[in-house]
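# Here is a sequence together with a model predicted from it:
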Amino acid sequence: MKQSEENIIRGCRKGKAKAQKELYDLYASAMLGICLRYVKNKAEAEDVLQDGFVKVFKSIGSYSGDGSLSGWIYRIMVNTALNYLRSKKKIQFVEYNGNIQDSGEDVYAEPVFSRQQFMDAIQSLPDGYRTVFNLYVLEGYKHREIAEILDVSVNTSKTQLAKAREMLRKKLTAIQRKENDG
């Protein structure tokens, strides 16, 4: 950990506004990007970001220094976003007990799409699909863990991911066709 980061943490633990502002300035833009992956618009993402930083400042005393500070803040932001979605009842899941056919082929992983096109396509997914997709593909959670986090069945997690992948394939294929025709 850098000396300046240690000083910022020390100041935050003492409740110093200047240190809190420095920490916020250091990580806010990156964490806003994380929040935007989970909620649909910037205003909601900014609300989640603010709530997340309040949690960071309240619990900075529990940060042990093991692992990166950015990683610790990142986890708080993801959890805050998930709690926000739960509280607003924005995550709706379709329960499916049949056999899920997901080829696992990630058409969206092709390098023909810009980062912005890919993020816009993810952003346009329904909340449940987007949340499971983010947790599985971008965060690296297993379906069992996602099921526990979201209080759904493992099959629901798998279904949401399969549906998210299919919807992304369609959206990105449409973008690709549009660019090839244009």
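Happy to help now that I have it. Numbering: from 1, shown residues only.
# mean confidence score for the helix or strand where Glu145 lies?
Here Glu145 sits within helix 143-150, counting by DSSP states H and E. The average pLDDT within helix 143-150 is 92.
# in the protein, which segments are predicted with low confidence?
1-3, 90-112, 182 (pLDDT under 70).
# if we can go back for a sec, the helix holding Glu145: what's the following helix or strand?
Downstream of helix 143-150, the next assigned helix or strand under DSSP H and E is helix 154-181.
# Quick check: buried residues in that next one?
155-165, 167-169, 171-172, 175 (16 or more other C-beta atoms under 10 Å). (Glycine included, C-beta is placed from N, CA and C.)
# One more: stretch 43-60?
In stretch 43-60, counting by 16+ other C-beta under 10 Å, buried: 44-45, 48-49, 51-53, 55-57, 60.
# who touches that stretch?
The set of residues external to stretch 43-60 that reach it, using C-beta atoms under 8 Å, 6 or more residues apart in numbering, is 9, 12-13, 15, 20, 23-24, 28, 31-32, 35-36, 38-39, 73, 76-77, 80-81, 84.
# List only buried entries from the residues you listed.
Judged by 16+ other C-beta under 10 Å, buried ones among the contacts of stretch 43-60: 9, 12, 20, 23-24, 28, 31-32, 35-36, 38-39, 73, 76-77, 80-81, 84.
# which residues touch Tyr27?
Shown in contact with Tyr27 (C-beta under 8 Å, 6+ apart): 70, 73.
# separation between it and Ala19?
Separation of Tyr27 from Ala19 (C-beta to C-beta, to the nearest Å) stands at 13 Å.
# Common neighbours of the two, please.
If you check Tyr27 and Ala19 against C-beta under 8 Å, 6+ apart, no residue is contacted by both.
# Show me where this protein has its strands.
For the chain, no strands are identified by DSSP state E.
# And the helices in it?
For the chain, the helices defined by DSSP state H occupy 3-13, 17-38, 42-59, 69-87, 115-123, 127-133, 143-150, 154-181.
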